[in-house]
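S.K.: With the input below, show me the fold.
(chains A, B and C)
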Amino acid sequence: MEIFLQQLTNGLAVGSIYALIALGYTMVYGVLKLINFAHGDLFTIGSYLGLTLLTSLALTGRLGTTAGILCLALMVMGLVALIGALLERTAYRPLRQSPRLSAVVSALGASIFLQNAVMLIYGARFQVYPHDILPKMPVGLFGLYIPLVKVLVLVAALVMMMALYLFIQKTKLGTAIRAAAIDQGAARLMGIDVDRVILIVFLIGPALGGVAGLMVGLLYGQINFTMGWVYGLKAFTAAILGGIGNIPGAMVGGILLGVIEALGAAYLSIAWKDAIAFCVLIGILIVRPTGLLGERVAEKV
Amino acid sequence: MKRTLLMFIVPTALFLLSPLVLNPYWVDVLNNVGLYAILGLSLNLIVGHAGLFNLGHAAFYAVGAYTAAILNTRFHIPVLWLLPLCALSSGLFAAVIARPIIHLRGDYLCIVTIGVGEIVRIALLNNVFGITGGVNGIVGIDRPSIFGIAIRHPHEFFYLIWGFAAITVFFFHRLENSRFGRALNYLREDEVAAEGSGINVAHYKLACFVLGAAWAGMAGDIFAAKMTIISPESFSFWESVLMFTLIILGGSGSIRGVILGAFLIIGLPEVFREFANARLLVFGAAMVVMMIFRTEGILPPRPRTYPNIETAAGEGRP
Amino acid sequence: MNKFLRVTLAFLVVGLVVWGCAKETGPIKIGLMGPMTGPWASEGQEMKQVVDLLAEEVNAKGGVLGRKVEVVSEDDGGDPKTAALAAQKLVTQKVVAVIGTYGSSITEASQNIYNEAKIPQIANGSTAIRLTEKGLKYFFRTCPRDDEQAKVGAQYIQNMGYKKLAILHDNTTYAKGLADEAKGLVEKAGVEIVFFDALTPGEKDYTAILTKMKAANPDAVFFTGYYPEGGLLLNQKKAMNWPVPFIGGDATNNPDLVKIAGAEAAEGFAFLSPPLPKDLPTPEAKAFLESFTKKYGKAPASIYSALAGDAFRVLIAAIQATKSTEADKVGEYLHNQLKDFAGLTGKLSFNAKGDRVGEVYKVYKVNAQGEFILQP
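M.R.: Residues are numbered from 1 along each chain as shown, chains lettered A, B, ... in the order given. As a prediction, the model looks like this:
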């Protein structure tokens, strides 16, 4: 039982990161029907930018830990959001009217470009975050070991997801985003500036991905330019698992994926854990073809 | 008619004679282009004609390659005789895999195909059933031989691969213009209407998966014979992405487009070797630019034309 | 002399000069194949830096046999298919020998191409045993083999008295090979393997795996994978409060390991490795470290780039000694005449199979300051 709970918490911690990245995927997909393969690389850029800002500005030294990290997070979110908006403008906007698959290939090209750009700018070696930023104490709960930082990450991820959910459901801008996701043409007729909506989506989504990158850097300490590929794929899987286009779905999908991986590794085989996760995914999709929480967008009948 | 024939024959003849003038490196590049052209054409049936979002095609390629490798190294069956067996194993595999997932919509099918690709790769990596050799793969595969002539050098492989490519082109061209091809296009455009017209959508989707997989399996056989060593690394998600990309870049649904796409996807990174470390950076940028400027792909398919139908006087022409 | 004779003489002279030039004064091209892009880009790029630097130094001293040395490098992308193409490209550029590469299955994809073209190949980072079991006349390697490393590892484990061992690899050719070899050897010595599995490289969170390993209660853990994962494992196990000793293979040998794990977590970590350049007393190694740091601003991080440097140096030595760039002569020299060459990584000789001879592996431990200390 103890092992089960321990692995469960391991999975939750990993899953919350997947969930944050998946949110970005799902938001962009909801409005543009585009699988943004470059999202994983925006995540990577977030972690690298975080490192640069952290070391060059010595924020935690000046402002203390909490304020320093918050400030860092905001800066990273802002910068990655800008890069995301720039990406949209150059690689996706010209393809708005084109077949969907063309945009996917453009996204792939953008992903290769960004990944290699990071490699050329920062070098191919692994980069390391300073170790003494976050407190290292574990929290002991029912005999389990959980590092405090992972709890904080999980809490932070949940808070951001709640905030996003409330934003989408309760605010005017959020409603505009939902409208554009359902039908761009009708939204335009209702007076919604769809271009602006898309821009907002490409600011929020990448911002979340970027802050996830920062968290990974702080949590695990080590980053490199290829990590976006693996995380991006997992996050995409999580988004589909929960039902793509659906924000609570991305959250559920991410956490569920993390837990399945951890439990699969613990009870079946570590080497096969990714295959196990995919098998579960396929199984769920066969039973529920639109993901666990279904899709928000109406199907063309 | 004469002019187009000439336009077609002259470049083809030049191309066929090229191994005699090019150095082995460029011939090998052309060999890779050929292999990817065959793979692209097999995936084109699924993605281009039927409009199914398949990002796991490397799995079928792998099944074919490993079938050839295992049967050749254990039972010493000559590689070229294994072609039908590889087609069969890949096709069967596809039939089993596709059956439960065929009804999934667009992007969900995409992630499932990615999942299948990854599961196959991980299974191969972990030496499933003890026959795949794990991470080391399988070594010592024989080179192919036709009527006793062994095929070893790049220029010999050139004729084998492009010969097979020619057969592939012919086959898919006939398929495109058959009932099967038209049915696939119909269900790509509007599934519901197709079903309403009496096309058994599930049956056709499954058939095109199986056919595409079988062809990829044969390509896998040739790949195994060419490399003589295969390992799971060659069948990663990235390979599926490459195949998919070359179809869209070149022009999804058209044979000429797919072949052009193969040239671009294999040729460009080689041409970009000039840029050393920035090789892939330039390639990524080139991909984005190409999609922006020719979103249909560079050589999109021409719309179908039908010969004039004789009409009685006074009836409207279709 | 009459006009005819003068013209003929002129022609003869010109012809001789041209013939002489064409034959003797073109640069000697040495190929370098490595991963300049892809997941192992840091290794490939450093290999290039090392070999370029060494070539510069050789040229500054007048070159070899009166000719300049030119390094032609090609990217193999860390992938067998690209490696085959890179190999073809180097062959057509008429290199006299090739150094490379990193990654056993990538080297394997290029072996036949070089062998058929009669170009000596010296691999610097490919430790799979089977590469030298194929009877390829022109293949050598400056890196040792997995079985040698496993022997030293097994010896160390026995010396330390561990009775229950957990072995963790990452399903790459190198790591799995080493893990399998080690498993065989320690089991024969009576050590129980309580855990044997692979992690997926490229991930960050290994707490699930560590939890599972902890439940198996090993006396020590032998990790045969690479330093990025090694560092993460050390860091995460420390955070879990699990003090089990970790032993690593030579792919964990990299100063970044301590950076990633943190000096506290890395303390006490033992690993197998050929002697680090800083531990070599030879003046060559010291001089080399100095010039590398001067040119590139930091010391080389990877032992494999140093091994590439040694490959280059033995090639130059062979060419100089045999006064020729012909594959058969160079190959014969490397097999038979080269003995105890003073390399950056220690004394170098090759046996009949092309393997590096001699006990190369030592055990290192990380101390409290994060330094690598050679164990006796």
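S.K.: From here on, just use CA atoms for contacts and neighbour counts.
M.R.: Noted.
S.K.: is any part of the helix or strand harbouring residue B:34 close to chain C?
M.R.: Assigned by DSSP states H and E, residue B:34 belongs to helix B:24-44. Yes. Part of helix B:24-44 sits near chain C under the criterion C-alpha under 8 Å from any C-alpha of the partner chain, namely B:24-26, B:28-29.
S.K.: Need the residues that contact stretch B:247-255.
M.R.: Stretch B:247-255 has contacts (C-alpha atoms under 8 Å, 6 or more residues apart in numbering or on different chains) with A:101-102, A:105, B:40-41, B:44-45, B:47-49, B:169, B:173, B:256-262, B:264, B:287, B:290-291, B:296-302.
S.K.: The chain: strands as residue ranges?
M.R.: With no chain named, the answer covers chain A. A:127-128, A:138-141, A:144-147, A:222-223 (DSSP state E).
S.K.: oops, chain B please
M.R.: So, for chain B - with DSSP E - the strands run B:138-139, B:145-146, B:149-150, B:229-230.
S.K.: roughly how far is stretch C:151-171 from the heart of the chain?
M.R.: For stretch C:151-171, the separation from the chain centroid amounts to 23 Å (computed by C-alpha atoms, centre = their mean, to the nearest Å).
S.K.: Serialize the strands of chain B to CSV and add fields for mean neighbour count.
M.R.: Formatted as CSV, those follow (neighbours: other C-alpha atoms under 10 Å in any protein chain shown):
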stretch, mean neighbour count
strand B:138-139, 18
strand B:145-146, 14
strand B:149-150, 11
strand B:229-230, 25
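S.K.: Now render those strands as a markdown table, adding distance to chain C and mean pLDDT.
M.R.: Compiled in a markdown table, the strands of chain B are given as follows (distance: least, C-alpha to the nearest C-alpha, whole Å; pLDDT from 0 to 100):
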| stretch | distance to chain C | mean pLDDT |
| --- | --- | --- |
| strand B:138-139 | 10 | 84 |
| strand B:145-146 | 18 | 80 |
| strand B:149-150 | 15 | 78 |
| strand B:229-230 | 7 | 86 |
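S.K.: Dump those strands into a markdown table; add distance to residue A:109 as well.
M.R.: Below are the strands of chain B laid out as a markdown table (distance: least, C-alpha to C-alpha, whole Å):
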| stretch | distance to residue A:109 |
| --- | --- |
| strand B:138-139 | 33 |
| strand B:145-146 | 39 |
| strand B:149-150 | 40 |
| strand B:229-230 | 28 |
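S.K.: Could you provide those in JSON lines, with additional columns for distance to chain A?
M.R.: Shown next, in JSON lines, are the strands of chain B (distance: least, C-alpha to the nearest C-alpha, whole Å):
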{"stretch": "strand B:138-139", "distance to chain A": "20"}
{"stretch": "strand B:145-146", "distance to chain A": "37"}
{"stretch": "strand B:149-150", "distance to chain A": "39"}
{"stretch": "strand B:229-230", "distance to chain A": "20"}
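S.K.: quick one on the thing from earlier: between the residues of helix B:24-44 next to chain C, which is nearest chain A?
M.R.: residue B:29 (21.6 Å; C-alpha to the nearest C-alpha).
S.K.: okay, the closest one: pLDDT?
M.R.: Looking at residue B:29, its pLDDT stands at 87.
S.K.: Report how many residues lie close to it.
M.R.: Other residues within reach of residue B:29, judged by other C-alpha atoms under 10 Å in any protein chain shown, total 22.
S.K.: and if you look at residue B:5?
M.R.: Using other C-alpha under 10 Å: residue B:5 sits among 9 other residues.
S.K.: Residue C:363 sits in which helix or strand?
M.R.: Per DSSP H and E, residue C:363 falls inside strand C:362-366.
S.K.: And for residue C:176?
M.R.: Residue C:176 is part of helix C:173-188 when elements are defined by DSSP H and E.
S.K.: pLDDT (mean, whole number) over that helix?
M.R.: Mean pLDDT, computed over helix C:173-188, is 88.
S.K.: Ok, stretch A:220-231 next?
M.R.: Per-region confidence: stretch A:220-231 scores 86 on mean pLDDT.
S.K.: and it, anywhere near chain C?
M.R.: Yes. With C-alpha under 8 Å from any C-alpha as the criterion, chain C is reached by stretch A:220-231 at A:220-222, A:226-227, A:230.
S.K.: quick one on the thing from earlier: how far does the strand holding residue C:363 sit from its chain's centre?
M.R.: Here the centre of strand C:362-366 is set off from its chain's centre by 18 Å, with C-alpha atoms, centre = their mean.
S.K.: And it, what does it pack against?
M.R.: Applying 3 or more C-alpha pairs under 8 Å, 6 or more residues apart in numbering or on different chains; DSSP states H and E, we find strand C:362-366 packed against strand C:270-273, strand C:372-374.
S.K.: how about 10 Å then?
M.R.: For strand C:362-366, the packing partners by 3 or more C-alpha pairs under 10 Å, 6 or more residues apart in numbering or on different chains; DSSP states H and E come out as helix C:146-159, strand C:246-248, helix C:263-266, strand C:270-273, strand C:372-374.
S.K.: Do you know the pLDDT at residue 142?
M.R.: Just so you know, I chose chain A. pLDDT, residue A:142: 62.
S.K.: that's the wrong chain, I meant chain C
M.R.: Looking at residue C:142, its pLDDT stands at 89.
S.K.: how close does it get to residue C:303?
M.R.: According to C-alpha to C-alpha, to the nearest Å, residue C:142 stands 11 Å off from residue C:303.
S.K.: so what sits against both of the two?
M.R.: Taking C-alpha atoms under 10 Å, 6 or more residues apart in numbering or on different chains as the criterion, residue C:142 and residue C:303 both touch C:124-125, C:309, C:345.
S.K.: Nearest to chain B among those residues?
M.R.: Chain B lies nearest to residue C:125 out of the shared contacts of residue C:142 and residue C:303, by C-alpha to the nearest C-alpha, at 15.9 Å.
S.K.: ok, and the closest non-adjacent residue to that closest one?
M.R.: Leaving aside its sequence neighbours, residue C:125 sits nearest to residue C:102 (C-alpha to C-alpha, 6 or more residues apart in numbering or on different chains; 4.2 Å).
S.K.: How about the backbone phi and psi for the one you found?
M.R.: In terms of degrees, to the nearest 10, the main-chain angles of residue C:102 are phi -100, psi 120.
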